[in-house]
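A.B. asks: I would like the atomic coordinates for the input below:
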Amino acid sequence: MSSSKSGGEPSARGSTSSDRQKEKARLSRTSQILWHAHQNDASAVRKLLQEDRSLVNARDYDNRTPLHVASLHGWIDVATCLLEFGADVNSQDRWRNTPLADAEGAKKHEMIELLKSYGGLSYGQNGSHFEPKPVPPPLPNKCDWEVDPSELDFSNSNIIGKGSFGEILRASWRGTPVAVKRILPSLSDDRLVIQDFRHEVNLLVKLRHPNVVQFLGAVTDKKPLMLITEYLRGGDLHQYLKEKNGLNSSAAINFALDIARGMAYLHNEPNVIIHRDLKPRNVLLVNSSADHLKVGDFGLSKLIKVQNSHDVYKMTGETGSYRYMAPEVFKHRKYDKKVDVFSFAMILYEMIEGEPPFSNHEPYEAAKLVAEGHRPNFRSKSFLPELRDLTGKCWASDMNQRPSFLEILKRLEKIKGNAPSDSHWNIFGS
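C.D. replies: Next up is the predicted model:
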């Protein structure tokens, strides 16, 4: 099922009424109220509660209630409705976070006041400034990769990326150009920020692969906290695709092979690293010749010890970037490493089509379309049938139907071997 760029938008936005009813029928009532809370649909939440008041404290697989969901997003009308129906303002999720702790972590000030007026308390991992215990340093033991900040030269630095945590700068370390993720000083005492920073450092220090950005060191015992990786001169794939307006099949296959090699390494069992935010901005070009790619930015990644190759994990829903997000993540359902395969399919589509999937929709709307079963249309003449088939398998709605990155690599190598020579492909290039 797909949505065309021009004529398909009305049907894509909500599909038909009967389709929606069928979809809702498949969901449990618990899933429905969590979904409507997430969608900021206060009237739908109220209707469900009028039918069954017990749903007010329904819980998902992470023990999160509709009030947790509303608090995190700052949906005041939904939260007010839930509280009026007697929602437990201090319910705790799997991480022992209360709704107020979530609202504080997301800096939703109006929500914070509302929850406090109903007796909300802040405790759990997100309620760090209410914790009596001191925040431990990110990594208490000195490591051989600990960098003295005086060795970092920012005299000719420039900002190459920004986020809510801080910024990424191009700097120099012992005469070598490096990329430095620098945490804002104001966030250096925040428990969640420290936890995420520590997690990313511990993850990166173990990674060694030619298609994964190389970790060089970190500043953990002085402020601001900093994470140092190799600096790749080619910039990110997002900017490159924007300038090129699409690739020919030869270049797309070579790029896809590099990404798949890096991801196959990260997905290697038993220690599987799920990236969870695979997108063009997080794929970097080694140089301006664009002959080599590396996967980077592991801030949202999860390291999972696999007991069984078919394990499905209970992890936080709605993690990563909407436009490249797998439907099971958007729907807050259980998911596994195949979420990265879905994101890979969206990147492969963008590399050849020359524009992001559902580019005429806002990112959240794009993710919603995907969750409803829609996929972007293939239009480019340079999209080889074999590549189109592979992309379709990688973005299958059922994550169990998606191939692994090792299988993807085999398919790509075969496509590359059977494809016409570059000279014939260039007529389709842009």
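A.B. asks: mind giving me the domain ranges of this protein?
C.D. replies: According to automatic domain parsing, the chain comprises the domains 2-130, 149-230, 237-428.
A.B. asks: could you pull out the helices for the stretch 1-150 of the chain?
C.D. replies: For the stretch 1-150 of the chain, the helices defined by DSSP state H, counting those that start in this stretch cover 9-14, 17-26, 29-38, 42-51, 66-73, 76-84, 99-105, 109-117.
A.B. asks: So which elements touch the fourth one?
C.D. replies: By that I understand helix 42-51. Other elements packing on helix 42-51 under the criterion 3 or more C-beta pairs under 8 Å, 6 or more residues apart in numbering; DSSP states H and E are helix 29-38, helix 76-84. Backbone N, C-alpha and C define where each C-beta goes, glycine included.
A.B. asks: want to try CSV for the domains of the chain, with mean pLDDT and distance to C143 as columns?
C.D. replies: Shown next, in CSV, are these (pLDDT from 0 to 100; distance: least, C-beta to C-beta, whole Å):
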stretch, mean pLDDT, distance to C143
domain 2-130, 78, 24
domain 149-230, 85, 8
domain 237-428, 83, 18
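A.B. asks: Could you dump the helices and strands packed on helix 42-51 into CSV and include distance to L285?
C.D. replies: Formatted as CSV, the helices and strands packed on helix 42-51 follow (distance: least, C-beta to C-beta, whole Å):
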stretch, distance to L285
helix 29-38, 36
helix 76-84, 42
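A.B. asks: got the domains of the chain as a markdown table, with mean neighbour count columns?
C.D. replies: Converted to a markdown table, these look like this (neighbours: other C-beta atoms under 10 Å):
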| stretch | mean neighbour count |
| --- | --- |
| domain 2-130 | 18 |
| domain 149-230 | 17 |
| domain 237-428 | 19 |
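A.B. asks: So which elements touch the lengthiest helix in the chain?
C.D. replies: What stands out as the longest helix in the chain, according to DSSP state H, is helix 249-266. Using 3+ C-beta pairs under 8 Å, 6+ apart, the elements in contact with helix 249-266 are strand 271-274, strand 293-295, helix 338-353, helix 385-394, helix 405-418, helix 422-425.
A.B. asks: Point out the other helices and strands that the shortest one packs with.
C.D. replies: On a contact count with 3+ C-beta pairs under 8 Å, 6+ apart, strand 293-295 meets helix 249-266, strand 283-285.
A.B. asks: And for that strand, what's in contact with it?
C.D. replies: By C-beta atoms under 8 Å, 6 or more residues apart in numbering, the residues outside strand 293-295 that reach it are 210-213, 232, 237, 255, 258-259, 262-263, 266, 275, 278, 282-286.
A.B. asks: cutoff 10 Å now
C.D. replies: Identification of contacts with strand 293-295 by C-beta atoms under 10 Å, 6 or more residues apart in numbering yields 207, 209-214, 229-230, 232, 234, 236-237, 240, 254-263, 265-266, 275, 278, 282-286, 340.
A.B. asks: Tell me if I'm right that R198 and L204 touch.
C.D. replies: No: R198 is not in contact with L204 according to C-beta atoms under 10 Å; the separation is 11.1 Å.
A.B. asks: which phi and psi does the closest residue to M226 other than its chain neighbours have?
C.D. replies: With C-beta to C-beta, 6 or more residues apart in numbering as the criterion, M226 has its nearest non-adjacent residue at 4.1 Å, and that residue is V219. Main-chain dihedrals, V219, degrees, to the nearest 10: phi -110, psi 110.
A.B. asks: Quick one: closest of the helices and strands packed on strand 293-295 to I160.
C.D. replies: Shortest distance between I160 and the helices and strands packed on strand 293-295, using C-beta to C-beta, is found for strand 283-285: 10.1 Å.
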